[in-house]
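Asks: below is the sequence, then the predicted model.
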Amino acid sequence: MRKLLLRKKGFTLVELLVVIAVIAILVTIVIIAINPQTVIRNSQDTKIRTEMNQVKTSLQLYFNENNRYPDKDTEFDASTGSVNFVPTYIRQLPTFAISYEESGTDYDAAADVNNITTEDTNSETKCTSDGDNGASGDYWICPD
């Protein structure tokens, strides 16, 4: 009887392997359901759209002080946003490239996103309805 009690303590190697296999299957199912790559791309897109709206605000502030939008060739660095904007018009430069075209009293700016939505298509339609200034990208900003 005593040998029987001693043998019943603990788990066998097979039982431990089965539990580990079940946990691995559950983790795989959860990872597939969450799809972390899509979540990361969507969060990057949200960041781009938010920063583009901050650029739009900074361009409007610039226009209010100078009665024109910044010149593409001399004042606007499309790879970083704009050197002249920090810290007067915007706290931090965008972390992505912006396609920017201006015509003194009008501008179009755009950036590429990973997953194009109807909001992106609507922004391009709205901004290019008054004439295309030459900017290119998926998500557009322009004066309202």
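Replies: Received, thanks. These figures come from a predicted structure and were not determined experimentally. Numbers count the residues shown, from 1 in each chain.

Asks: which SSE is immediately downstream of the longest helix seen in the chain?
Replies: If you go by DSSP state H, the chain has its longest helix at helix 36-66. Towards the C-terminus, the helix or strand next in line after helix 36-66, according to DSSP states H and E, is strand 99-102.

Asks: please put the alpha-carbon coordinates of that next one into CSV.
Replies: Extracted C-alpha coordinates of strand 99-102, given in CSV (Å, rounded to 0.1, in the frame of the first residue of the first chain):
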residue,chain,number,x,y,z
SER,A,99,4.3,64.7,-50.0
TYR,A,100,3.7,68.5,-50.0
GLU,A,101,2.7,70.9,-52.8
GLU,A,102,1.7,74.5,-52.3
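
Asks: D45: what's it in contact with?
Replies: Applying Cβ atoms under 8 Å, 6 or more residues apart in numbering, we find D45 in contact with V113, N114, N115, Y139. Where C-beta positions appear, they are placed from N, C-alpha and C, glycine not excepted.

Asks: do that again at 7 Å, thanks
Replies: V113, N114, N115 (Cβ atoms under 7 Å, 6 or more residues apart in numbering).

Asks: so how far is K56 from it?
Replies: Taking Cβ to Cβ, to the nearest Å as the measure, D45 falls 17 Å from K56.

Asks: now do N122
Replies: N122 is 15 Å from K56, by Cβ to Cβ.

Asks: okay, now the unreliable bits of this structure?
Replies: Along the chain, segments meeting pLDDT under 70 span 1-8, 77-84, 130-133.

Asks: now, of the contacts of D45, which are buried?
Replies: V113 (16 or more other Cβ atoms under 10 Å).

Asks: can you redo the contacts of D45 as CSV with secondary structure?
Replies: Output for the contacts of D45, formatted as CSV (DSSP: H, G, I helix; E, B strand; the rest coil):
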residue, secondary structure
V113, coil
N114, coil
N115, coil
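
Asks: I figured E102 hits D73, correct?
Replies: No: contact criterion Cβ atoms under 7 Å: E102 and D73 do not qualify, at 9.6 Å.

Asks: compare the two (neighbour count), which wins?
Replies: Legend: neighbour count by other Cβ atoms under 10 Å for E102 and D73, higher for E102 (22 against 7).
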